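Novice: what follows is a predicted protein model with its sequence.
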Amino acid sequence: MFFPEIDREKTKSNARRKLREYPRWRAVAQDSVSQNVTAQYTFEPRQALREPSRAVERLALNKTVADQELEAIEQAVSRLFDPIHRRILYDKYLKTWPRPDVGIYTELGYERSRYYEMLDNALIAFAEQYREASLVVEKRTNTGLIPD
């Protein structure tokens with residue numbers, strides 16, 4: 001099988017977990033200014049990482065790691081093909097003040113069920129884009145991966 005079958009529920013769970021970490025990474029990175037987002041809900045690249053201060057090397061190392069994680073999350077969202085998926089994930093997880101689902105699907109003009117279908121697809125797409133699909137979970141059988 002060219003594309004392995006994925007465990008959608010576990011993959012979506014991984015994606016939700018990663019996206020929910022975003023505010024914590026912003027706090028660690030001391031990212032007080034909101035990241036620049038284009039009208040198509042793509043993120044502009046962050047500035048080059050700063051050198052860690054010797055006096056606070058551990059804190060600086062944490063900040064550097066946090067900056068890298070923010071960049072990985074933002075770039076995964078920016079690489080999503082569908083701009084509606086980018087917007088849904090941005091509004092739900094990445095905004096300084098995330099919006100409730102009802103506000104998002106009402107503004108987009110979608111029915112609730114269609115919105116949740118799109119959210120599921122956006123989470124899967126994000127999982128596939130984040131760090132070379134590291135959040136994707138393949139389905140397994142008792143003997144291992146599902147055969148071709």
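Specialist: That came through, no problem.
Novice: in the chain, what spans have low per-residue confidence?
Specialist: Within the chain, the set of residues satisfying pLDDT under 70 comprises 1-3, 32-61, 141-148.
Novice: counting by contacts, list what the helix ranked longest in the chain packs against.
Specialist: If you go by DSSP state H, the chain has its longest helix at helix 57-78. Judged by 3 or more C-beta pairs under 8 Å, 6 or more residues apart in numbering; DSSP states H and E, helix 57-78 is in contact with helix 22-28, helix 83-89, helix 112-129. No exception for glycine: its C-beta is placed from N, CA and C like everyone else's.
Novice: these into JSON lines, with extra columns for mean neighbour count?
Specialist: Shown next, in JSON lines, are these (neighbours: other C-beta atoms under 10 Å):
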{"stretch": "helix 22-28", "mean neighbour count": "17"}
{"stretch": "helix 83-89", "mean neighbour count": "20"}
{"stretch": "helix 112-129", "mean neighbour count": "18"}
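Novice: now these as a markdown table including distance to Lys10?
Specialist: Output for the helices and strands packed on helix 57-78, formatted as a markdown table (distance: least, C-beta to C-beta, whole Å):
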| stretch | distance to Lys10 |
| --- | --- |
| helix 22-28 | 20 |
| helix 83-89 | 18 |
| helix 112-129 | 10 |
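Novice: roughly how far out does the longest helix of the chain sit from the chain middle?
Specialist: Relative to the chain's own centre, helix 57-78 is displaced by 13 Å; criterion: C-alpha atoms, centre = their mean, to the nearest Å.
Novice: can you check stretch 19-34 too?
Specialist: Distance of stretch 19-34 from the chain centroid (C-alpha atoms, centre = their mean) equals 13 Å.
Novice: also stretch 128-138?
Specialist: Its chain's average C-alpha position is 11 Å from that of stretch 128-138, according to C-alpha atoms, centre = their mean.
Novice: give the buried residues for it.
Specialist: For stretch 128-138, a neighbour-count test (16 or more other C-beta atoms under 10 Å) marks 128-130, 135-137 as buried.
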